[in-house]
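Peer 1: What would the 3D arrangement of this be:
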Amino acid sequence: MLKDSPIISASPEIMGGTIVFAGTRVPVQTLLDYLKAGESIDDFLDGFPTVTKEQVIALLEEAGKQFAGMVA
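Peer 2: Coordinates of the predicted model:
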């Protein structure tokens, strides 16, 4: 998908290789957990100010493209 992009990255030196938002130590899974719990993107961004709204939107757009490609 987007591994080691301006949006996300994974490195054994950062969070043991967990996929995080690029330039941060915030796991992508944390965003998914927030959304699953009914929280908003703004709530997530308030809690993790090192992540940008642009990163979140780009991640969700790319995920949408990946899913759309699976059903086509």
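
Peer 1: Longest helix of this protein, counting residues only.
Peer 2: helix 53-71 (DSSP state H).

Peer 1: show me what contacts residue 17?
Peer 2: Applying C-beta atoms under 8 Å, 6 or more residues apart in numbering to residue 17 gives the contacts 10-11. The way it works is simple: take the backbone N, C-alpha and C, and place the C-beta from them, glycine included.

Peer 1: Kindly state the pLDDT recorded for it?
Peer 2: On the pLDDT scale, residue 17 is placed at 92.

Peer 1: next one: the one 4 residues further on
Peer 2: What the model reports for residue 21 is a pLDDT of 96.

Peer 1: Look at it and say how many residues are nearby.
Peer 2: Using other C-beta atoms under 10 Å, residue 21 is surrounded by 22 other residues.

Peer 1: Excluding sequence neighbours, find me the nearest residue to it.
Peer 2: Counting by C-beta to C-beta, 6 or more residues apart in numbering, residue 21 lies nearest to residue 51, which is 4.6 Å off, once chain neighbours are set aside.

Peer 1: which other residues reach the longest helix of the chain?
Peer 2: Outside helix 53-71, the residues that touch it by C-beta under 8 Å, 6+ apart are 1-2, 6-8, 21-22, 28, 31, 41, 44-45.

Peer 1: would CSV of these with distance to residue 70 be doable?
Peer 2: Formatted as CSV, these follow (distance: C-beta to C-beta, whole Å):
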residue, distance to residue 70
1, 12
2, 16
6, 24
7, 20
8, 19
21, 24
22, 24
28, 19
31, 21
41, 24
44, 25
45, 28
